[in-house]
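**Q** Structure of the sequence below:
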Amino acid sequence: MRWDYEILVRLRDKDQAALEMAIHRYAGYVAAVIKKTLGAASTPQDVEELSSDAFVALWQNAEKLRDNSDLKYWLAVVARNAALKRRRSLRFEEPLEENLIFDSSPASRAEKEEQSRLVREAVNSMEKVDREIFLRHYFWRQTVGQIASDMAKNQSAVKSRLSRGREKLRKILLKEDCLL
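**A** You can find the predicted model right below:
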């Protein structure tokens, strides 16, 4: 904490050497937070960009921080929030893949497109938390343990939400005669 205070005082004076000290001291930690938060969507470019953004935010907000601020924690929160925002923006860039439809019988292209549309609508109609868990597991292929850890939930809650999501999807597809 003493190092943090000294760095913070110098940052408030716009001492670039203090910023370099903060980067040297915490860059690895910030990068690790970003990689863990982005998970499989992590690219070296994203990690580098979001890390830089976190240190720019430190530079710009040094005056607002308390004297007893834990810079490591502050940087981790900033980095995690930026990575979560990035992950949310990436999540909807790609359409749901057809392999999310659990129909192994041959179907015409039009039928598959209709099924894909219904799956997308069903997933999009889920509560935000349920949708995030469902997409993380079935689209991003994250494990229940990883989802629970990233979202600060216990594994049984994640499993319950996945089960409810599958049941909702099943009911919608049965109603539309997409499944037997």
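
**Q** Just after the helix or strand of the chain with the lowest mean pLDDT, pick out the following helix or strand.
**A** Least confident element among the helices and strands of the chain, by mean pLDDT, DSSP states H and E: helix 109-124 (a mean of 75). Proceeding N to C from helix 109-124, the next assigned helix or strand is helix 128-138, under DSSP states H and E.

**Q** Output the contacting helices and strands for that next one.
**A** On a contact count with 3 or more Cβ pairs under 8 Å, 6 or more residues apart in numbering; DSSP states H and E, helix 128-138 meets helix 109-124, helix 144-151, helix 155-175. Using the backbone N, CA and C atoms, a C-beta is placed for each residue, glycine as well.

**Q** go again using 10 Å as the cut-off
**A** Contact partners of helix 128-138 among helices and strands, from 3 or more Cβ pairs under 10 Å, 6 or more residues apart in numbering; DSSP states H and E: helix 71-91, helix 109-124, helix 144-151, helix 155-175.

**Q** Could you save those helices as a markdown table and add columns showing distance to residue 17?
**A** Formatted as a markdown table, those follow (distance: least, Cβ to Cβ, whole Å):
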| stretch | distance to residue 17 |
| --- | --- |
| helix 71-91 | 15 |
| helix 109-124 | 50 |
| helix 144-151 | 35 |
| helix 155-175 | 45 |
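
**Q** Which one, of the ones you listed, ends up nearest to residue 43?
**A** Comparison of these against residue 43 by Cβ to Cβ identifies helix 71-91 as nearest, at 9.7 Å.

**Q** quick one: that closest one to helix 128-138, angle?
**A** For helix 71-91 against helix 128-138, the angle by axes from the mean of the first three to the mean of the last three Cα atoms, to 10 degrees is 80 degrees.

**Q** Let me see the mean pLDDT of helix 71-91.
**A** Averaging pLDDT along helix 71-91 yields 86.

**Q** do the same with stretch 173-180
**A** Rounded mean pLDDT across stretch 173-180 is 61.

**Q** And for stretch 160-169?
**A** Mean pLDDT, stretch 160-169: 86.

**Q** Could you list the buried residues of it?
**A** For stretch 160-169, a neighbour-count test (16 or more other Cβ atoms under 10 Å) marks 161, 162, 165, 168, 169 as buried.

**Q** Can you tell me what sits against it?
**A** Residues from elsewhere that reach stretch 160-169 (Cβ atoms under 10 Å, 6 or more residues apart in numbering): 100-102, 118-119, 122-123, 125-127, 129-138, 144, 147, 151, 153-154, 178-179.

**Q** How far off centre is it?
**A** Taking Cα atoms, centre = their mean, to the nearest Å, the mean C-alpha location of stretch 160-169 is offset from the chain mean by 20 Å.

**Q** Please renumber the chain so that the first residue is 31 from this point on.
**A** Noted, 31 is the first residue going forward, which turns the last one into stretch 190-199.
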